[in-house]
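K.L.:
Sequence and predicted structure are below.
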Amino acid sequence: MTTVAAYAAPAPKAPLERTTIERRAVRENDVLIDIKFAGICHSDIHQVQDGWRPGTFPMVPGHEIAGVVSEVGPGVTKFAVGDRVGVGCMVGSCQECDYCKAGLEQYCANGGPIWTYNGTDKDGTPTHGGYSEKIVVDENFVVRIPDALSLDVAAPLLCAGITTYSPLKHWNAGPGRKVAVVGLGGLGHMGVKIAHALGAEVTVLSQSLRKKDDGLRLGAHHYYATSDPETFEKLAGTFDIVLNTVSAGLDYARFLSLLRTDGAMVNVGLPEETVELDLKSLFGRRRVMTSSNIGGIPETQEMLDFCAEHGLGAEIELISADQINDAYKRVQASDVRYRFVIDTATI
Ligand SMILES: [Zn+2]
Ligand SMILES: [Zn+2]
């Protein structure tokens with residue numbers, strides 16, 4: 001075991017503070033990673049606040065991890081010391097069920113994957129995430145960060161990148177297809193970049209036009225304010241895909257009205273409350289209302305290679321660890337362009 005410094009929430013809703021945690025000794029198929037950067041995802045805040053389910057505390061959040069391999073177990077075949085690597089939302093799964101075998105570990109049929117933090121490892125110990133100096137991970141849940149991506153802007157791709165890339169690919173975003181991205185935050189700004197790079201015609205639907213210049217610079221072709229009722233009249237029946245990245249509840253029927261026949265609204269933000277939906281908003285045009293949970297490990301690697309090829313990193317604000325609590329407040333106020341990334345050397 002190794003003792004490493006970390007930032008943890010000691011109790012639900014409590015501010016994060018510096019502490020130490022134990023990392024297991026490297027086993028046969030494990031990789032020890034010196035974490036360099038960790039992104040702050042909105043779901044870190046949901047979980048520290050116990051918004052989705054009762055969490056395990058103290059909680060070390062962080063599932064957008066970029067670092068360098070510093071030790072490998074004797075059975076490791078994919079990585080060597082010095083490799084630039086990333087870890088996202090999962091650190092394990094059964095690896096035997098149909099979904100795991102198909103590279104869809106996030107949908108593992110045997111109890112789901114082991115989450116990077118606020119989860120329970122195979123040995124029964126709680127998992128701790130990226131707001132820490134080091135992490136030990138099974139090599140099957142580690143991905144390679146291409147040299148073309150610097151580690152700080154790559155870190156947010158491990159959640160925000162794959163969470164938007166996977167549904168855009170699944171619902172065939174590409175040339176000749178119209179994609180609306182709802183919300184221009186951490187997820188939304190990556191959704192815009194990736195949909196653009198896939199060749200789709202991209203529209204941002206944001207509450208106001210405050211971030212319009214950014215949206216167009218990031219690759220959107222059009223930008224509309226959802227506070228303007230005319231937006232919904234003008235764009236009715238327009239889109240093949242509406243990618244909703246907003247984690248608060250919306251008037252879903254209104255956004256569904258923007259879909260063409262057979263269009264899909266994919267919700268990747270997860271509101272804490274239950275959603276009600278009038279099925280008539282689907283019925284008349286065979287619309288699809290769906291969701292998507294990150295992406296599997298092979299697709300995460302594919303996404304990183306795609307982002308490297310197209311020069312797509314996240315837009316970040318680099319912070320030191322003592323700024324985490326302030327950063328949480330700013331994320332809740334939608335005051336970040338577009339992802340906070342912790343320089344873990346400051347932990
Ligand atoms: Zn996340
Ligand atoms: Zn499985």
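P.N.:
Arrived safely. Ligands and ions are numbered 1, 2, ... in the order given.
K.L.:
Please make it C-alpha for all contacts and neighbour counts, starting now.
P.N.:
Will do.
K.L.:
Residue 40 contacts residue 344, correct?
P.N.:
No - at 11.9 Å, residue 40 and residue 344 do not qualify as touching, with contact defined as C-alpha atoms under 8 Å.
K.L.:
Tell me the residues of the stretch 151-300 of the chain that contact ligand 1?
P.N.:
Residues of the stretch 151-300 of the chain that fall close to ligand 1, judged by C-alpha under 5 Å from the ion: residue 159.
K.L.:
Just the closest residue of the stretch 1-150 of the chain to ligand 1, please.
P.N.:
residue 41 (4.5 Å; C-alpha to the ion).
K.L.:
Helix, strand or coil: sort out residue 85 for me.
P.N.:
For residue 85, the assignment made with DSSP: H, G, I helix; E, B strand; the rest coil gives strand.
K.L.:
mind listing what residue 262 touches?
P.N.:
Applying C-alpha atoms under 8 Å, 6 or more residues apart in numbering to residue 262 gives the contacts 240, 285-288.
K.L.:
Nearest to ligand 1 among those residues?
P.N.:
residue 288 (24.0 Å).
K.L.:
what pairs with the residue lying closest to that closest one once chain neighbours are set aside across the strands?
P.N.:
Nearest non-adjacent residue to residue 288, counting by C-alpha to C-alpha, 6 or more residues apart in numbering: residue 264, 4.5 Å away. Under DSSP bridges, the beta-bridge partners of residue 264 are residue 241, residue 288.
K.L.:
Do I have it right that residue 338 meets residue 313?
P.N.:
No - using C-alpha under 8 Å, residue 338 makes no contact with residue 313, being 11.1 Å away.
K.L.:
ok so, going back, cross-check the contact I'm expecting between the residue nearest to residue 288 and residue 240.
P.N.:
Yes - contact criterion C-alpha under 8 Å: residue 264 and residue 240 qualify, at 6.3 Å.
K.L.:
do you know how far residue 314 is from residue 340?
P.N.:
10 Å (C-alpha to C-alpha, to the nearest Å).
K.L.:
what's the answer for residue 320, then?
P.N.:
Counting by C-alpha to C-alpha, the gap from residue 320 to residue 340 is 10 Å.
K.L.:
Tell me which of these two has more neighbours.
P.N.:
residue 340 (28 against 15; other C-alpha atoms under 10 Å).
K.L.:
Not counting residues beside it along the chain, what's closest to that one?
P.N.:
Using C-alpha to C-alpha, 6+ apart, the nearest residue to residue 340 is residue 317, at 4.9 Å.
K.L.:
tell me which element the spatially closest residue to residue 148 that is not a sequence neighbour is part of?
P.N.:
Excluding its sequence neighbours, the residue lying closest to residue 148 (C-alpha to C-alpha, 6+ apart) is residue 308, at 5.5 Å. According to DSSP states H and E, residue 308 maps onto helix 297-309.
K.L.:
I'd guessed the residue nearest to residue 148 sits against residue 153; true?
P.N.:
No - using C-alpha under 8 Å, residue 308 is not in contact with residue 153, being 10.8 Å away.
K.L.:
And the residue nearest the centre of the protein?
P.N.:
With the centre of the chain defined as its mean C-alpha position, the nearest residue by C-alpha atoms, centre = their mean is residue 159, 2.3 Å away.
K.L.:
which ones are touching it?
P.N.:
Neighbour list for residue 159: 41, 63-64, 88-89, 294 [criterion: C-alpha under 8 Å, 6+ apart].
K.L.:
Residue 40 and residue 344: which has the busier surroundings?
P.N.:
Remark: of residue 40 and residue 344, residue 40 carries more neighbours, 28 against 25, as counted by other C-alpha under 10 Å.
K.L.:
For that one, give me the pLDDT.
P.N.:
Note for residue 40: predicted pLDDT of 98.
K.L.:
try residue 12
P.N.:
95.
K.L.:
repeat for residue 270
P.N.:
According to the prediction, residue 270 has pLDDT 81.
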